[in-house]
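1. Provided below are the primary sequence and the corresponding predicted coordinates.
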Amino acid sequence: MNIADIRTDYTLKSFDEKDLLANAFEQFEIWFDEAIKAEVLEPNAMTLATISPSGFPSARIVLLKGIEANGLEFFTNYQSNKGHDIDHNNKVALVFFWPELQRQVRVVGTAQKMSDEKSDLYFNSRPLGSRIGAHASPQSKVIPNRVLLEESVKKMEALFSEEPLLRPINWGGYVVNPISFEFWQGRSSRLHDRFIYTLQIDNNWKIERLAP
């Protein structure tokens with residue numbers, strides 16, 4: 001198959017000015033709820049793009065774990081590549097893609113570490129294997145083989161059979177505080193509906209339609 005011939009004509013929905021809410025977070029929550037109801041595979045999966053100290057962009061999939069009044073939350077190892085990138089430059093971008101609804105949401109903002117209390121609360125809610133894995137894995141570091149990782153897990157399992165399993169100090173949450181949201185609804189003939197919300201000084205959102 002010729003890759004250039006792969007295409008889909010988006011005809012499922014429309015998105016017009018009359019559909020817009022004034023608050024970007026409220027609009028996002030409506031679309032997120034609709035993605036859940038549509039049984040989108042992992043609706044909270046999002047691409048997180050950061051900027052490395054060398055100036056190159058870096059992107060990976062992480063999971064949205066909370067929506068607050070002013071931020072979107074995710075958790076990771078602070079010593080991972082993404083953690084080092086955010087330490088260097090906390091400007092980030094997020095992308096949600098829900099193909100079942102022919103929708104995409106792009107977010108631009110800044111990432112800040114959340115409080116230790118909130119990180120502890122989420123860490124303690126995770127399955128036991130995930131909590132042990134957070135201790136056992138030196139995320140983003142080069143390792144010689146999988147055996148080393150599995151042996152590290154066994155050591156941690158033995159350790160935490162005798163001691164409390166607390167959150168590692170190098171693991172926790174970030175809150176992304178958006179300065180813009182772009183809502184994209186696929187339409188026929190690539191004439192998509194796109195609206196961008198831009199945060200203003202008074203904390204209201206300016207809404208504009210973008211050409212597809």
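-> Sure, I can see it.
2. What ranges does this protein have for its helices?
-> Along the chain, counting by DSSP state H, helices occupy 24-37, 81-88, 116-125, 128-136, 146-159.
3. Could you give the bridge partners of residue 67?
-> When bridges are called by DSSP bridges, residue 67 pairs up with residue 72.
4. wait, what's in contact with it?
-> 25, 28, 29, 32, 73 (CB atoms under 8 Å, 6 or more residues apart in numbering). Quick note: C-beta positions are derived from backbone N, CA and C, even for glycine.
5. pLDDT wise, what is it at?
-> On the pLDDT scale, residue 67 is placed at 96.
6. Against residue 44, how distant is it?
-> Using CB to CB, to the nearest Å, residue 67 is found at 10 Å from residue 44.
7. Find the residues that touch each one of the two.
-> residue 32.
8. Local confidence estimate at the most far-flung residue of the chain relative to its centre?
-> Farthest-out residue of the chain from its mean C-alpha position, per CA atoms, centre = their mean: residue 162, at 34.7 Å. With respect to pLDDT, residue 162 has a value of 83.
9. Backbone dihedrals for it, please?
-> phi -120, psi -20 (degrees, to the nearest 10).
10. Same question for residue 143.
-> Here is the backbone geometry of residue 143 (degrees, to the nearest 10): phi -130, psi 150.
11. now the spatially closest residue to it that is not a sequence neighbour: how far from residue 156?
-> Excluding its sequence neighbours, the residue lying closest to residue 143 (CB to CB, 6 or more residues apart in numbering) is residue 149, at 6.2 Å. Computed as CB to CB, the residue 149 to residue 156 distance reads 11 Å.
12. Before I go, just wanted to say thanks for your time.
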